[in-house]
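K.L.:
sharing a sequence plus its predicted fold:
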Amino acid sequence: SQTIHQWPATLVQPVGSPLSLECTVEGTSNPNLYWYRQAAGRGLQLLFYSVGIGQISSEVPQNLSASRPQDRQFILSSKKLLLSDSGFYLCIGDLRPRAFFGQGTRLTVV
Amino acid sequence: QKEVEQNSGPLSVPEGAIASLNCTYSDRGSQSFFWYRQYSGKSPELIMSIYSNGDKEDGRFTAQLNKASQYVSLLIRDSQPSDSATYLCAVNEGNQFYFGTGTSLTVIP
């Protein structure tokens, strides 16, 4: 079966520290993958999407970057976190005919 | 600019009533439509998917799609307090999914 694994589930990081969130896919190959952020009380905001290895499209200028080193691996990173980076981060896989969600990461920057 | 619009709510209905959630989308080329339920602090979970015009029923849930009018709706019959959550509408077109901001539903016992 097709699943999205995302970790960690929760993370508390100080301002200025680095960030690495990882997302992996099982049960399919060459999926489109997305990183979304959901700020408190707001909807899902697309951050990055990838249609293949090394192919990253950025939707919103920000303090974050993404990489896709392997077909089934999608990583969200930051060199220096800001307070405004706090939120709920979701990895989503386009596993047609529907989208599958990772469990989400609750990031709190303090 | 592709958009998916939802009334943010909050929508409150009494237990046992029908809850009606609506979503409109801007791209006539959209082919697949989804409703997700998200409990606070949790990841969204798929409730319904619909691909063709008309109604699709699954238990207490009915999805309705009207491509000519570019809207998709979700009806929840016999609403239960456990249905209280945020409901996200998602539209798939081409390479991307587009999400609405969600409608918050509260079912009052």
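P.N.:
Sure thing, it's come through. Residues are numbered from 1 along each chain as shown, chains lettered A, B, ... in the order given.
K.L.:
neighbours of the residue of chain B at minimum distance from chain A, how many?
P.N.:
Using CB to the nearest CB, B:T101 is the residue of chain B that sits closest to chain A, at 2.8 Å. Just so you know, the C-beta spots here come from the backbone N, C-alpha and C atoms, and that holds for glycine as well. B:T101 has 19 neighbours, counted by other CB atoms under 10 Å in any protein chain shown.
K.L.:
where's it, which helix or strand?
P.N.:
Under the criterion of DSSP states H and E, B:T101 resides outside all helices and strands.
K.L.:
does it really touch A:Q38, like I thought?
P.N.:
No - with contact defined as CB atoms under 8 Å, B:T101 does not reach A:Q38; the gap is 9.4 Å.
K.L.:
and the pLDDT at the residue of chain B closest to chain A?
P.N.:
For B:T101, the model assigns a pLDDT of 86.
K.L.:
and what of A:G41?
P.N.:
A:G41 is given a pLDDT of 66.
K.L.:
now the residue of chain A found nearest chain B: closest residue in space that isn't a chain neighbour?
P.N.:
When distances are taken as CB to the nearest CB, chain A reaches nearest to chain B at A:G43, 2.8 Å away. Leaving aside its sequence neighbours, A:G43 sits nearest to B:T101 (CB to CB, 6 or more residues apart in numbering or on different chains; 2.8 Å).
K.L.:
ok, now B:L105?
P.N.:
The shortest distance from B:L105 to any non-neighbouring residue, by CB to CB, 6+ apart, is to B:L11 (5.0 Å).
K.L.:
the lowest-mean-pLDDT helix or strand in chain A and chain B in contact?
P.N.:
Least confident helix or strand of chain A, by mean pLDDT, DSSP states H and E, is strand A:98-101 with a mean of 80. Yes - against chain B, strand A:98-101 shows contacts by CB under 8 Å from any CB of the partner chain at A:98-99, A:101.
K.L.:
most neighbours of all those residues, which one?
P.N.:
When neighbours are counted by other CB under 10 Å, A:A99 leads those with 24 neighbours.
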